[in-house]
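Undergrad: 3D model of this:
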Amino acid sequence: MTLLSSPTNLCFSGLIWRNNRLQRGTIHLEEGRIKPGCRGRLVKVPYILPPFADLHLHGGWGASFRDGDFGHLETKLKKSGVFLAIPTFSADDLSHIRQVALSFQEYVSQRKESIFPFLRMEGPFISEGKKGAQDEKFIQKIEPRRVDDFLSIPQIKIFTFAPEIDGSSELVKRALALDKIPSVGHSQATLKDFDRVHQLGVRHITHYPNALSPLHHREMGLVGAGLLYDDLHLEVIGDGIHTSFEFLELLLKVKGPTFSLISDLIPPAYAPPGADFGQKYNIQGKKIMSQGGFLMGGGTSVPEQVVQLKKKDWPVEVLIKVASENARLFLNYSPGNIVEGRQANFLLCGENLEVWAVFEKGQCLFWGEALNRKI
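TA: Got it, this is the predicted structure:
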């Protein structure tokens, strides 16, 4: 299609996210940057939005970050509308993780503008009682030698730990001193346990409220901590499976649009027909279980979650914050406002925020059938 090779022949009008709010307007592209007004053939769309973010995913489309499939997954994520993502490992053998981390370093050194800023890991210092689908043989006690070994992997910046484990305070202090982000998760911690590490500087909770000590009116646990503290970054799998839509409504009512949607995608998600994963997974549509009956990682991408929540009448402004802006702010990235002079990285979206087209530096990465009926 002519559009793919020459998007500068088109201009786009609709509700545009700029200056942290939706404004009606028209843009066109010049030398890969956004310009106001129309030059070329006008295409009217409901929304022109910043790309999405996903700070926690293990793979997808049949591929796994654990196997070093960075290039394949970056291409798939970009075409889906995700321009910021953090490859995530489950608890694993650290020698293998170190090898993959070196492969990652080589990958990003050749792609200075990769959407992957660094790596993260669930574990290894987590609770066996809240391990979920994590392999317990890779769960470790907090001991100086093991901490040294783990924290010496520079590519891993975020990791999940359980505050109730002996030695967690020292782990947090050392991690923060190295500019790493300790994230509470896979934990049976009490509110008192959490408060101790919170005072040390912990501000992140892994796939809230999954694999966390539950809320009770006499012991609020980690689910209660997430609601009580105002300075936390909560990441939430907003698929209606890991977290019910009713709980998501409650979270929005209590916390406002301060959390971030994540997918927690694993390799079977969006895998091509006939992909063979052996006997590892019990796949029930978007619900992916282990053969042992544990709910595993996600099967629903952040862009698809956004569509589901828009259909449940979540405001577009809220969805932009929880699916894009909050993650960027947490990592100290600039907001994704679509303003004059910036690189032309944006999405064209339908009424329910379906991704109709994806642009990166003015080049079209994806052009959906819905737009063909408009030009």
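Undergrad: Can I get stretch 55-71 as PDB, trimmed to CA atoms?
TA: Extracted C-alpha coordinates of stretch 55-71, given in PDB (Å, rounded to 0.1, in the frame of the first residue of the first chain):
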ATOM      1  CA  LEU A  55       6.400  -3.200  32.400                       C
ATOM      2  CA  HIS A  56       6.000  -6.900  33.000                       C
ATOM      3  CA  LEU A  57       5.900  -9.700  30.400                       C
ATOM      4  CA  HIS A  58       7.800 -13.000  29.800                       C
ATOM      5  CA  GLY A  59       7.100 -13.500  26.100                       C
ATOM      6  CA  GLY A  60       4.300 -14.100  23.700                       C
ATOM      7  CA  TRP A  61       3.600 -15.000  20.100                       C
ATOM      8  CA  GLY A  62       5.200 -18.400  20.800                       C
ATOM      9  CA  ALA A  63       8.500 -16.800  21.900                       C
ATOM     10  CA  SER A  64      10.200 -16.300  25.300                       C
ATOM     11  CA  PHE A  65      12.600 -13.700  26.700                       C
ATOM     12  CA  ARG A  66      14.200 -16.600  28.600                       C
ATOM     13  CA  ASP A  67      15.300 -18.000  25.300                       C
ATOM     14  CA  GLY A  68      16.700 -14.600  24.200                       C
ATOM     15  CA  ASP A  69      14.000 -13.900  21.600                       C
ATOM     16  CA  PHE A  70      14.300 -10.100  22.000                       C
ATOM     17  CA  GLY A  71      14.200  -9.100  18.300                       C
END
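Undergrad: In what element of secondary structure is the most centrally placed residue in the chain found?
TA: Centroid-nearest residue in the chain: residue 54, 1.8 Å away (criterion: Cα atoms, centre = their mean). According to DSSP states H and E, residue 54 maps onto strand 52-57.
Undergrad: what comes into contact with the very next helix or strand once past that strand?
TA: Using DSSP H and E, the next helix or strand after strand 52-57 towards the C-terminus is strand 59-60. Contact partners of strand 59-60, identified using Cβ atoms under 8 Å, 6 or more residues apart in numbering, comprise 65-67, 69, 73, 76-77, 263, 265-267, 269-271, 301. (Glycine included, C-beta is placed from N, CA and C.)
Undergrad: Neighbouring strands - and their directions - for strand 59-60?
TA: The pairing partners recorded for strand 59-60 under DSSP bridges are strand 63-64 (antiparallel).
Undergrad: Now do the strands in the stretch 51-200 of the chain.
TA: With strands called from DSSP state E, counting those that start in this stretch, the stretch 51-200 of the chain shows them at 52-57, 59-60, 63-64, 82-89, 119-122, 156-161, 181-184.
Undergrad: which residues touch the first one?
TA: By Cβ under 8 Å, 6+ apart, the residues outside strand 52-57 that reach it are 65, 77, 81-88, 120, 158, 206-207, 235, 260-265, 297-298, 301-303, 306, 323-324, 327-328, 330-331, 347.
Undergrad: Quick check: which ranges of the protein have low pLDDT?
TA: 1-8, 374-375 (pLDDT under 70).
Undergrad: can you rerun that using 50?
TA: 1-6 (pLDDT under 50).
Undergrad: Go through the longest helix along it and flag the buried ones.
TA: For the chain, the helix that runs over the most residues, judged by DSSP state H, is helix 94-109. Using 16 or more other Cβ atoms under 10 Å as the test for burial, helix 94-109 gives 94, 97, 100-101, 104, 107-108.
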